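Undergrad: Got a predicted structure here, sequence first:
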Amino acid sequence: MDTATSDGSPPLAIHSGGCHCGAVAFEVHAPAVIDALDCNCSICSKTGFLHLIVPRSRFRLLRGEDALTDYRFGTGIAVHRFCKHCGIKAFYIPRSNPDGVDVNVRCLDPSTIADLRVSLFDDRDRDAATAAIAHLSQD
């Protein structure tokens, strides 16, 4: 199901996602053609997280709040949320966009993804990379 956007951008699809064991489930409203970010920071490169940042209003946790545990490091701004049963980080609150939600594209049901385009988020130049994606968490 597609929902129209008010600013003329592509219609949004409802993508379902969750962790490996199924304890955590969510839906996210995002374009069917996903522009994802591949971050080269230490945690993202080690976990294989593929980023889709959306405004909080376009993310809905369906189940599993009680199955999530948080991890913070460095500045403590990012809230990494893991399923405490299977260890998967399906989404989190990113340091780059603390007013949004960052969904792991690899945790989405692929049936609603028409295409996937991936670009680099260069953590070695964090200020410039963060400035370039500041708009992603805005309604």
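TA: That came through, no problem. Note that the coordinates shown come from a computational prediction; the quantities given were computed from them, not determined experimentally.
Undergrad: going forward, measure contacts and count neighbours with C-alpha atoms only.
TA: Will do.
Undergrad: Show me what secondary structure element comes after whichever strand or helix holds residue 15.
TA: If you go by DSSP states H and E, residue 15 is part of strand 12-18. Later in the chain than strand 12-18, the nearest helix or strand by DSSP H and E is strand 25-31.
Undergrad: now what about that next one, what contacts it?
TA: In this structure, residues lying in contact with strand 25-31 by Cα atoms under 8 Å, 6 or more residues apart in numbering are 10-19, 54, 58-64.
Undergrad: Restrict it to CA atoms and write it as CSV.
TA: Presented in CSV, the C-alpha positions along strand 25-31 are these (Å, rounded to 0.1, in the frame of the first residue of the first chain):
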residue,chain,number,x,y,z
ALA,A,25,8.3,-6.2,15.0
PHE,A,26,7.8,-2.8,13.5
GLU,A,27,6.6,-1.0,10.4
VAL,A,28,8.2,2.0,8.7
HIS,A,29,6.7,4.3,6.0
ALA,A,30,9.4,4.9,3.4
PRO,A,31,9.7,5.0,-0.4
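Undergrad: Tell me the first helix or strand C-terminal of it.
TA: Scanning the chain past strand 25-31 towards its C-terminal end, the next helix or strand to appear is strand 33-39 (assignment: DSSP H and E).
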